[in-house]
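> Let's see this in three dimensions:
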Amino acid sequence: MRELAGKLVDFCEWTLAVADKIVMANPEYIEIILNKDLYYHRSYHMGMMSADGHEIRRITRA
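Below is the predicted model of the structure:
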């Protein structure tokens, strides 16, 4: 399990580095990401679910 966890951390660090170097360093990509006309969904809630699919708690932003 520890070996897998170490590999997953390495993978996550690599993924973040790639996103930083390729996506975040490109102004055209940033423009696409921030363009609300392409796709935009505003959501103000999240919830916690039990293992059997029942809602435990809902957190709503006013």
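> Check the gap between the residue nearest in space to the middle of the chain and E3 for me.
The residue lying closest to the centre of the chain (C-alpha atoms, centre = their mean) is L16, at 11.4 Å. Look at L16 and E3: by C-beta to C-beta, to the nearest Å, they are 21 Å apart. C-beta: built from backbone N, CA, C; applies to glycine.
> shaky segments in this protein?
43-46, 58-62 (pLDDT under 70).
> tell me, which helix in it spans the most residues?
helix 2-18 (DSSP state H).
> Would you double-check that M48 falls in a helix?
No. M48 is assigned strand when assessed by DSSP: H, G, I helix; E, B strand; the rest coil, not a helix.
> I'd guessed G47 sits against I56; true?
Yes. Using C-beta atoms under 8 Å, G47 is in contact with I56, at 7.4 Å.
> quick one: common contacting residues for these two?
Listed as contacting both G47 and I56 by C-beta atoms under 8 Å, 6 or more residues apart in numbering is no residue at all.
> Dump the longest helix of the chain to CSV, keeping only the CA atoms.
Extracted as CSV, the C-alpha positions of helix 2-18 are listed here (Å, rounded to 0.1, in the frame of the first residue of the first chain):
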residue,chain,number,x,y,z
ARG,A,2,2.8,2.4,0.9
GLU,A,3,4.5,1.7,-2.4
LEU,A,4,1.3,2.5,-4.3
ALA,A,5,0.8,5.7,-2.3
GLY,A,6,4.4,6.8,-3.2
LYS,A,7,3.7,6.2,-6.9
LEU,A,8,0.5,8.1,-6.7
VAL,A,9,2.2,11.1,-5.1
ASP,A,10,4.8,11.0,-7.8
PHE,A,11,2.1,10.9,-10.5
CYS,A,12,0.2,13.8,-8.9
GLU,A,13,3.3,15.9,-8.7
TRP,A,14,4.1,15.2,-12.3
THR,A,15,0.5,16.0,-13.4
LEU,A,16,0.6,19.3,-11.5
ALA,A,17,3.9,20.2,-13.1
VAL,A,18,2.6,19.4,-16.6
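> Check the offset of it from the chain's centre.
From the chain centre to the centre of helix 2-18 is a distance of 16 Å (C-alpha atoms, centre = their mean, to the nearest Å).
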